[in-house]
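Undergrad: Based on what follows, work out the 3D shape:
(2 chains, ligands or ions: 1)
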Amino acid sequence: MLTETSRAPERSWEEIRRDFPILQQSINKHSLVYLDSAASSQIPQAVIDRIVWYHSAEHSNVHRGVHTLSQRATNAYEATREKVARHLNAAFSHECIFVRGTTEGINLVAHGYGRKHFKAGDEVIVSALEHHANIVPWQIVCDEVGAKLRVIPMNDAGELDMQAYEALLNERTRLVAVNHVSNALGTINPVAEIIRLAHEKGAVVLIDGAQAVPHMAVDVQALDADFYVFSGHKIYAPTGIGVLYAKTALLEQMQPYQGGGDMIASVSFEKTTYNALPYRFEAGTPSIASGVALGAALDYINAIGLERIARWEAELLAHATEALQGVPGVRLIGTARHKASVLSFELEGVHPHDVGTILDNQGVAIRAGHHCAQPVMNRLGVAATARASFAFYNNFDDIRALVAALYTVKEIFDA
Amino acid sequence: MTDLRNLYQEVILDHNRKPRNFGPLEGANREAHGDNPLCGDNYTIYAHVDEQAVIVSVGFTGSGCAISKAAASMMTVKVKGKSVADAEILIQEFRDLLTGKLDAKGEHHLGHLTVFEGVSQLPQRVKCAVLPWHALHAAIEQQSVASTEGEHDPLGN
Ligand SMILES: Cc1ncc(COP(=O)(O)O)c(C=O)c1O
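TA: Model prediction:
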């Protein structure tokens, strides 16, 4: 009798939305409409419960004690590493380094790899679509060693110019750093192609996956990514935890980024030998509870299914795109053919901050500003945009509320 | 909506739509730039201060949200013809109004600039309203920049 019927029935999106206690509240006397998941996503009850359980029954320091609690904490924390490795399809779990978030992951590579391997006259390529976190660390290291930072341009829709990219690549190119999905515009970049072309020239590639991992299946081996980074707080886990995936061969060529406890094998005043991977890159006591919670968050989304999530979010994005295009005076910023979960826009005659304030008054949380991507704003000739971003817990009512609130803005501003 | 009408009062919206004293000022002998790097608001304030230390004319250029633009426009109207010393009092009072240290119903010289009182309820927007005033302060003190962030942030110290 164990046929298909043994599979649990699919839970409805309505039911899934109720997993998020924070979404059940009112803001300014309106039901909260949370459209800022690209900045930080919300946390389901199962993940909150996991944090509570960890602190109620398992907490101690990791990797250090012989006592039971220390073992429990270590097991719970290390279980997440296995889950992350499976989730990204890494060849080995020691290739998944725990960091504070995307920013720290990129800095780790810039300092641990870049500083050691870049020389004067070398080139590092970033894209016009990057978050400041994937620009500034490279600038710092390039300045230090005398390497040159080069930029893949983009078109008015927010798509990278792949021909220009090919022309930028040369035998001096050491590393290419691009995001998988742009946080400012939602563009999905052709990262497999970007990696293939870089490898032809012998350059390594770092992919900033902060906006991709929450919304699509990522296979680092299929992509042949050298480095891949993401943040827990954008994938339904708390802040303070993120992951740097790196190929073993590269990790072995890297200088530790921070020194301290956990990352050593032995220490004397004459000589310190470093610990094995991944611990060599994880100095000090980590954010253990957040790490444990990240494992629970991955379990949670995998129970729903990333493909199902991607399909629903694509539907939400398509619906919201159409709805906003129907509001007179709205101009979408970033109209790439392939987009995920982000809708940046302008409302004619109204500054995005005024839009943000009025929407908040109506209970609608969006982001207004440059989204830590000033070069994107400059390229498109805007100072700032309003940005609605979606997660699977959003629904068509949220989009209706967004549109209604935009009409309130227009009414107040007579726009 | 009522809260919103309180924040975006008609006079603020009017100054946003039709900013007064907008444009570079011919013959200005004071000038300072003010910017908010977090949201991209940026303004240049120009003033002509005569030998008696009177602000005989004042103007501004730049762009930003409705709150900052209306604040700049209404500020220029208010300080035109005032002495530098009186302008400094207004700068202080305006700052105090926005940071909740001055009661709009109490004694002050702000007149209908109290329409900005509603902004004080929104901490994220206070910087928008005070930005042009910071820039004016920098201009009459003959400094060239004011910013809402970093070392030039007057609210920060
Ligand atoms: C594309 C992208 N890269 C990097 C970051 C930085 O992530 P974090 O602040 O978690 O380090 C973000 C988040 O804002 C992002 O969206």
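
Undergrad: Output the top helix by length along chain B as PDB - backbone C-alpha positions only.
TA: With DSSP state H setting the assignment, residue counts place helix B:123-140 as the longest helix in chain B. Extracted C-alpha coordinates of helix B:123-140, given in PDB (Å, rounded to 0.1, in the frame of the first residue of the first chain):
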ATOM      1  CA  PRO B 123      13.200  59.500  13.000                       C
ATOM      2  CA  GLN B 124      14.200  58.300   9.500                       C
ATOM      3  CA  ARG B 125      13.000  61.500   8.000                       C
ATOM      4  CA  VAL B 126      14.300  64.100  10.500                       C
ATOM      5  CA  LYS B 127      17.600  64.200   8.500                       C
ATOM      6  CA  CYS B 128      15.700  65.200   5.400                       C
ATOM      7  CA  ALA B 129      14.200  68.200   6.900                       C
ATOM      8  CA  VAL B 130      17.300  69.500   8.700                       C
ATOM      9  CA  LEU B 131      19.700  68.900   5.800                       C
ATOM     10  CA  PRO B 132      19.200  72.300   4.000                       C
ATOM     11  CA  TRP B 133      19.400  74.000   7.400                       C
ATOM     12  CA  HIS B 134      22.800  72.300   8.000                       C
ATOM     13  CA  ALA B 135      23.900  73.500   4.700                       C
ATOM     14  CA  LEU B 136      22.800  77.000   5.400                       C
ATOM     15  CA  HIS B 137      24.700  76.900   8.700                       C
ATOM     16  CA  ALA B 138      27.800  75.700   6.900                       C
ATOM     17  CA  ALA B 139      27.400  78.400   4.300                       C
ATOM     18  CA  ILE B 140      27.200  81.300   6.700                       C
END
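
Undergrad: counting contacts, what elements does it pack onto?
TA: If you count contacts as 3 or more CB pairs under 8 Å, 6 or more residues apart in numbering or on different chains; DSSP states H and E, helix B:123-140 packs onto helix A:352-361, strand B:30-36, strand B:41-49, strand B:55-63, helix B:66-79, helix B:84-98, strand B:145-147. For the C-beta atoms, the positions are set from N, CA and C on the backbone; glycine is no exception.

Undergrad: quick check: mean pLDDT across the helix or strand where A:His199 lies?
TA: Using DSSP states H and E, A:His199 sits in helix A:191-200. When the per-residue pLDDT values of helix A:191-200 are averaged, the result is 98.

Undergrad: Moving C-terminal from it, which element do we reach first?
TA: strand A:204-208.

Undergrad: Backbone dihedrals for the closest residue to the ligand within chain B, please?
TA: Using CB to the nearest ligand atom, the point where chain B gets nearest to the ligand is B:Leu38, with a distance of 14.2 Å. Phi and psi for B:Leu38, reported as degrees, to the nearest 10, are phi -70, psi -30.

Undergrad: Quick check, it in contact with A:Ala368.
TA: No - look at B:Leu38 against A:Ala368 with CB atoms under 8 Å: they stay out of range, at 10.3 Å.

Undergrad: Among those two, which residue is more densely surrounded?
TA: More crowded of B:Leu38 and A:Ala368, by other CB atoms under 10 Å in any protein chain shown: A:Ala368, with 21 against 15.

Undergrad: ok but that one is inside a helix, no?
TA: No - in this structure, A:Ala368 is strand, not part of a helix, as judged by DSSP: H, G, I helix; E, B strand; the rest coil.

Undergrad: Report the spatially closest residue to it, excluding sequence-adjacent ones.
TA: The spatially closest residue to A:Ala368, leaving aside those adjacent along the chain, is A:Gly356, at 3.4 Å (CB to CB, 6 or more residues apart in numbering or on different chains).

Undergrad: Over to B:Asn21?
TA: Using CB to CB, 6+ apart and skipping the chain neighbours, the partner closest in space to B:Asn21 is B:Thr76 (3.9 Å).

Undergrad: got the contact list for that neighbour?
TA: For B:Thr76, the set of contacting residues under the criterion of CB atoms under 8 Å, 6 or more residues apart in numbering or on different chains consists of B:Arg20, B:Asn21, B:Ile45, B:Val58, B:Gly59, B:Phe60.

Undergrad: check contacts around the last one.
TA: Applying CB under 8 Å, 6+ apart to B:Phe60 gives the contacts B:Pro19, B:Asn21, B:Phe22, B:Tyr43, B:Thr44, B:Ile45, B:Tyr46, B:Ala72, B:Ser73, B:Thr76, B:Pro132, B:Ala135.

Undergrad: Can you check what pLDDT the model gives it?
TA: Per the predicted model, pLDDT is 98 at B:Phe60.

Undergrad: same question, the second one
TA: Here, the pLDDT recorded for B:Asn21 equals 97.

Undergrad: my read: it touches B:Lys69, true?
TA: No - at 11.8 Å, B:Asn21 does not count as touching B:Lys69 under the criterion of CB under 8 Å.

Undergrad: When the two are compared, which one has more neighbours?
TA: Between B:Asn21 and B:Lys69, counted using other CB under 10 Å, the more crowded position is B:Lys69 (26 against 19).

Undergrad: Which residue is the nearest non-sequential neighbour of that one?
TA: B:Asn16 (5.0 Å).

Undergrad: check contacts around the one you found.
TA: Residues touching B:Asn16, when contacts are defined by CB under 8 Å, 6+ apart, comprise B:Ala66, B:Lys69, B:Ala70, B:Ser73.

Undergrad: mind running it again at 6 Å?
TA: Residues in contact with B:Asn16 (CB atoms under 6 Å, 6 or more residues apart in numbering or on different chains) are B:Ala66, B:Lys69, B:Ala70.
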